[in-house]
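S.K.: Need a 3D model of the following:
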Amino acid sequence: MSDMSVSALSNAQYDGSVQVADTGLRGMITLRGDLADKGLAKAVKAATGLGVPKQRQVLTKGSNGVAWMSPDELLIMVPYSAATQTAADLQLALSGQHALAANVSDARAVFRIAGAGCREVIAKLAPVDMASDKFAPGTIRRTRIAQIAAAFWMVDEETVELVCFRSVAQYAFDILVQAAKNGPVDFHLPKS
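M.R.: Numbers count the residues shown, from 1 in each chain. The predicted structure follows:
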């Protein structure tokens, strides 16, 4: 990573009914391995202060996070400046095991969608039930938004964070902004 690294869209931001913002640089490490292994859990705890999340969950503490991505994959989030060392520490801690820790920080973009309508924005773009009783804070989905691969999670009731490939960051930002501009879709079913 260069000392001159910049985020995908240089902190671009849209302010409307919700705020859509490039969150800046974030350290991200893909960790592949046996998620039930105690050695892997110990390495994750040492690197982040967090455990291994359950299926479709995200754990966060300060600027660190651990997200379940698949049955054998986690996304480790740390400060950008710590990503290279954290990936090396994980790889060393897991040497001798069938595991891989790869720093993917510069290949990703992260967006924050904040405001009361954040669920509506995502509901327009992803095949996910965004009702509050189905998608609570700490829940993650790895899916598609419009035509691109993405993962997103609820930080709190009015904030979603979304990760996508850096190469499609402008497209992701544009569709998120367009979804924010077009008003609610009212995805909640009427009560009978």
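S.K.: So, low pLDDT: which residues of the chain?
M.R.: Per-residue confidence of the chain (counting by pLDDT under 70) places the weak regions at 1-4, 182-192.
S.K.: Tell me which stretches of it form strands.
M.R.: 13-15, 19-22, 27-32, 58-61, 64-70, 73-78, 100-103, 108-114, 140-145, 148-156, 159-165 (DSSP state E).
S.K.: Give me the contacts around the last one.
M.R.: If you take CB atoms under 8 Å, 6 or more residues apart in numbering as the criterion, strand 159-165 is touched by 23, 28, 75, 107-114, 118-119, 121-122, 145, 148-155, 172, 176. Any C-beta I mention is one placed from the backbone N, CA and C, and that applies to glycine too.
S.K.: For PyMOL, write a command that selects the buried ones of those.
M.R.: Listed next is the PyMOL selection for buried residues among these, using 16 or more other CB atoms under 10 Å:
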select buried, resi 23+28+75+108+109+110+111+112+113+114+118+119+121+122+145+150+151+152+153+154+155+172+176
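S.K.: which helix in the protein runs the most residues?
M.R.: helix 169-181 (DSSP state H).
S.K.: what's the distance between stretch 139-153 and the middle of its chain?
M.R.: Distance of stretch 139-153 from the chain centroid (CA atoms, centre = their mean, to the nearest Å) equals 9 Å.
S.K.: now the end-to-end length of that stretch.
M.R.: Terminal residues of stretch 139-153 are spaced 5 Å apart (CA to CA, to the nearest Å).
S.K.: hang on, the earlier thing: buried residues in the longest helix of the chain, which are they?
M.R.: 169, 172, 173, 175, 176, 177, 179, 180.
S.K.: and the angle for it with strand 159-165?
M.R.: Orientation check (axes from the mean of the first three to the mean of the last three CA atoms, to 10 degrees): helix 169-181 against strand 159-165 gives 150 degrees.
S.K.: Can you name the residues in contact with helix 169-181?
M.R.: So helix 169-181 is contacted by 8-9, 12, 14, 16-18, 20, 22, 109, 111, 113, 117, 120-122, 124-125, 145-148, 150, 162, 164 (CB under 8 Å, 6+ apart).
S.K.: Please consider this matter closed, and thank you.
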